[in-house]
Each structure stands twice: as structure tokens, then as C-alpha cells.
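Trainee: Model the following, please.
(one chain, ligands or ions: 1)
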Amino acid sequence: MKKNIIAGALVALAALCSCEKQHQVGIVAHRGYWQCEQGGGAHNSIAALAAAQDLGFWGSEFDVNMTKDGELMVYHDSEVNGMYFKDYNAADFADIRLCNGEKIPTLDEYLTQFEKNKKCRLVFELKWHATPELERQAVELSIEKLKAHGLFNPKQVIFISFSFNQCKLFSQLAPGFTVQYLGGDQEHNPDVCFENGINGIDTGYWIMYKDPSWYQKARSHGMSVNVWTVDSIDDMRKCIEMGCDYITTNKPEECRALLKEMGVKELKAGKNL
Ligand code: MG
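Mentor: Have a look, this model is predicted:
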């Protein structure tokens, strides 16, 4: 009898372990799902974010720059029409339009859209800022804005940045949150990220191919692994087979179809690995 109980417990444990090991992949729409009718072809637009939310992707990535007067705006490049965000006030960008007719969203406007469907994870990229002081200001302001919108929650947002310094600041000021370093430089390889309290990587997929130890190093520290920007089916397949947690792509519906074809479970919006 006792033996049967022990054997039963072992079977249950094995089943649990196999469940835990089941590979799931979260799809992150790069700059929102802009490459569809609803997204209007406009990167980082409210419409593209709404499309990612409506289609139930795990996350939606977006880029944040800080203006001279300390406003956070959602836009990829550091300048628009030759006007650098760092040199101009938010009001100076008021008349500029994205290709779908929207104006450049402030972070407040963008977060207001996120609030409408909180299942979609914010994949918050804070762009470089010119000095350590400005980087600290931008990180603190980002956290303040998220708090004001009720989104400052590890189950609601992950932070990404090419600035190693900003990643370290997010790790310090937002403990318990996922923070992923975007760079692929050896100086900041996953061992160095981990030593500095950064708990994830978001790496260009070709770097993973060139140096397979990159992935292994991250996994040896229990770090999360995201890859960008994976748009071809072949590369998506390779990254999924490698075991990546998240695929950041401009073609999220194609990635969804591929996961289905491969029999790999898609991590649903609102769920954690
Ligand atoms: Mg980005």
C-alpha cells in the first residue's frame, strides 16, 4: 500500500515536471501590430497597439523618448523631421502626423489605450538618453507614469533598453519586474547582465546564431529570453526550436500560424510563463 502511494506520488511529480517543461512562446508585436489594416501601417500608433490587443497577442512593444521639457513620447527614432526630442518641447511635435493621420502619442495617451485591455503586456522600450542624469529622469518618469495609469505591475509590463545603464536602473527601481537588455555586445553579455541584476535578454536573433553560448549563458542564470526582430518564417522556426520565450516580430499573425503548425503552445495574453 505504502509502495503504491509512493509510486503514485512519483507519477504525479513526473507529470507536473513534464507540464512545467512544456515550451510556450509569447508573441510580441513589434511597435504594435502596425502591418495590418487596423494598424494602418503606422509604427507605434494607438491604432497599431489596439490591433495587437484585439488579436490577443501576449505583448506589444513600443519605443519611448523624452523631450526637452520632460514629456515622454512614443516614437522610435530620436528625431522626427530633423527635430531631436532632447532639443524640443512636446508642444513642438503637436502638428506632426503619423502615416495613418494620428499625432505622435504621448506616453500618457498610449497608456490610456493599454488600460482598455490590460491582458496585453507592455513591452516598454526606453530609448537612449544623453547623460546618466537624463537616463535616471527618464526611468523615474516612466515608472511614475505607469503608476498613475495603474499599470506598474510585473504582470503588466516588462522593460527593455539598449542602454545598459537604464536596464540597471529599472532593475533597481522596479524590483520583481522583468528587465531585458537589448544589446549584443560582449561587454554586456548575459553573464554581465546577470551580475548587474538584469534578469532577461532581448537579443538580435543573428547574435544567437553566431554565438550559441549567448543563449546558454542566459539560461544558466534562469534569465528570460526574447529575440528581435524576427520576421522570416525560417528565423521564427529556428528561434522557437532554440527555446526562446518570446518572439518579437512585425508579423505576429504569421508567427501564430507557425506555432500552431509546429504544435508549440502560444502563451496567451494575460498569462505568465
Ligand atoms: Mg523598439
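
Trainee: CA atoms for contacts and neighbours, from now on please.
Mentor: Fine.

Trainee: thought Trp228 was touching Asn250?
Mentor: No - under the criterion of C-alpha atoms under 8 Å, Trp228 is not in contact with Asn250, lying 9.5 Å apart.

Trainee: who has more neighbours, the two?
Mentor: Each of Trp228 and Asn250 has its neighbours counted (other C-alpha atoms under 10 Å); Asn250 has more, 23 against 20.

Trainee: same question for the longest strand seen in the chain, mean pLDDT?
Mentor: Taking DSSP state E as the criterion, the chain has its longest strand at strand 59-66. Averaging pLDDT along strand 59-66 gives 98.

Trainee: got it, and stretch 177-184?
Mentor: Mean pLDDT, stretch 177-184: 98.

Trainee: Return the backbone torsion pair for the nearest residue to Lys260 once chain neighbours are set aside.
Mentor: Leaving aside its sequence neighbours, Lys260 sits nearest to Glu266 (C-alpha to C-alpha, 6 or more residues apart in numbering; 7.8 Å). Backbone torsions for Glu266, taken as degrees, to the nearest 10, come to phi -80, psi 130.

Trainee: what sits against Leu258?
Mentor: Shown in contact with Leu258 (C-alpha atoms under 8 Å, 6 or more residues apart in numbering): 233, 237.

Trainee: hey, what's the residue nearest to Lys260 bridged with?
Mentor: Beta-bridge pairing of Glu266 under DSSP bridges involves Val25.

Trainee: likewise Val74?
Mentor: Val64.

Trainee: so how many other residues sit close to it?
Mentor: Neighbours around Val74, by other C-alpha under 10 Å: 26.

Trainee: I'd assumed Leu107 was in contact with it.
Mentor: Yes - counting by C-alpha under 8 Å, Val74 does reach Leu107; the two are 5.8 Å apart.

Trainee: list the residues that contact both of the two?
Mentor: Val64.

Trainee: Next, count neighbours for the residue nearest to Lys260.
Mentor: Residues lying near Glu266 (other C-alpha under 10 Å) number 21.

Trainee: Read off the pLDDT value for it.
Mentor: Confidence at Glu266, expressed as pLDDT, is 98.

Trainee: does it really touch Arg256, like I thought?
Mentor: Yes - counting by C-alpha under 8 Å, Glu266 touches Arg256, with 7.1 Å between them.

Trainee: overlap in contacts of these two?
Mentor: The contact sets of Glu266 and Arg256 overlap at Ile27 (C-alpha under 8 Å, 6+ apart).

Trainee: What separation do you get for the closest residue to Leu126 other than its chain neighbours and Glu125?
Mentor: Distances taken as C-alpha to C-alpha, 6+ apart put Val64 closest to Leu126, at 4.9 Å, once the chain neighbours are dropped. As defined by C-alpha to C-alpha, to the nearest Å, Val64 lies at a distance of 6 Å from Glu125.

Trainee: Then Ile96?
Mentor: 22 Å.

Trainee: Have a look at those two and say which one is more surrounded.
Mentor: Set side by side, Ile96 and Glu125 show more neighbours around Glu125, with 24 against 13, by other C-alpha under 10 Å.

Trainee: Before I go, just wanted to say thanks for your time.
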